[in-house]
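> Okay, predicted coordinates and the sequence, questions at the end:
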Amino acid sequence: MPLYVYGCPECEIELEELRPAWRADDPVECPVCHGLCTREPSIFSTRSRSPQAPIYASPQQVARAAHGPDCDCCRPRRR
């Protein structure tokens, strides 16, 4: 079920609500003033599988993508 963000114009708070897509635009009751909260635009977050996404990649993953598996600096060290 998708997570939607709703805002209360009276209390100026935001709340998140899990609900089916067909109910996404229905208002939600504010837990503080019991008024109606309307759906607000939210940012969709996702993880990229691309090596060009260093935010989610570890330094080792970035090095492997840049140098390749046979590179001396990327190969696991033997003891």
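In hand now; what should we look at? Residues are numbered from 1 along each chain as shown.

> what mean pLDDT would you report for stretch 35-48?
For stretch 35-48, the mean per-residue pLDDT is 76.

> That should have said stretch 1-21, apologies.
What stretch 1-21 shows for mean pLDDT is 89.

> Only the buried residues of that stretch, if you could.
Within stretch 1-21, the residues scored as buried using 16 or more other C-beta atoms under 10 Å are Tyr4, Tyr6, Gly7, Cys8, Leu15, Glu17. Every C-beta, even on glycine, is put in place using the N, C-alpha and C of the backbone.

> Can you tell me which helices and strands the helix or strand containing the fifth one packs against?
Right, the one you point to is Leu15. If you go by DSSP states H and E, Leu15 is part of strand 14-18. Applying 3 or more C-beta pairs under 8 Å, 6 or more residues apart in numbering; DSSP states H and E, one finds that strand 14-18 contacts strand 3-7.

> what lines up beside the strand it packs on in the sheet?
With DSSP bridges as the test, strand 3-7 is paired with strand 14-18 (antiparallel), strand 36-40 (antiparallel).

> of all the ones you listed, which lies closest to Asp26?
Closest of the strands paired with strand 3-7 to Asp26 is strand 36-40, at 8.3 Å (criterion: C-beta to C-beta).

> quick one on the thing from earlier: would you reformat the strands paired with strand 3-7 as a markdown table and include distance to Cys30?
Shown next, in a markdown table, are these (distance: least, C-beta to C-beta, whole Å):
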| stretch | distance to Cys30 |
| --- | --- |
| strand 14-18 | 8 |
| strand 36-40 | 5 |
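
> Of those strands, which is nearest Asp25?
Of the strands paired with strand 3-7, nearest to Asp25 by C-beta to C-beta is strand 36-40, at 5.8 Å.

> sorry, back to before: spatially, which two of the buried residues of stretch 1-21 are the most separated?
Farthest-apart pair in the buried residues of stretch 1-21 is Tyr4 and Cys8; separation 13.9 Å (C-beta to C-beta).

> ok, residues contacting the strand holding Leu15?
1-8, 28, 30-31, 37, 40 (C-beta atoms under 8 Å, 6 or more residues apart in numbering).

> the helices in this protein, which residues?
Taking DSSP state H as the criterion, the chain contains helices spanning 59-67.
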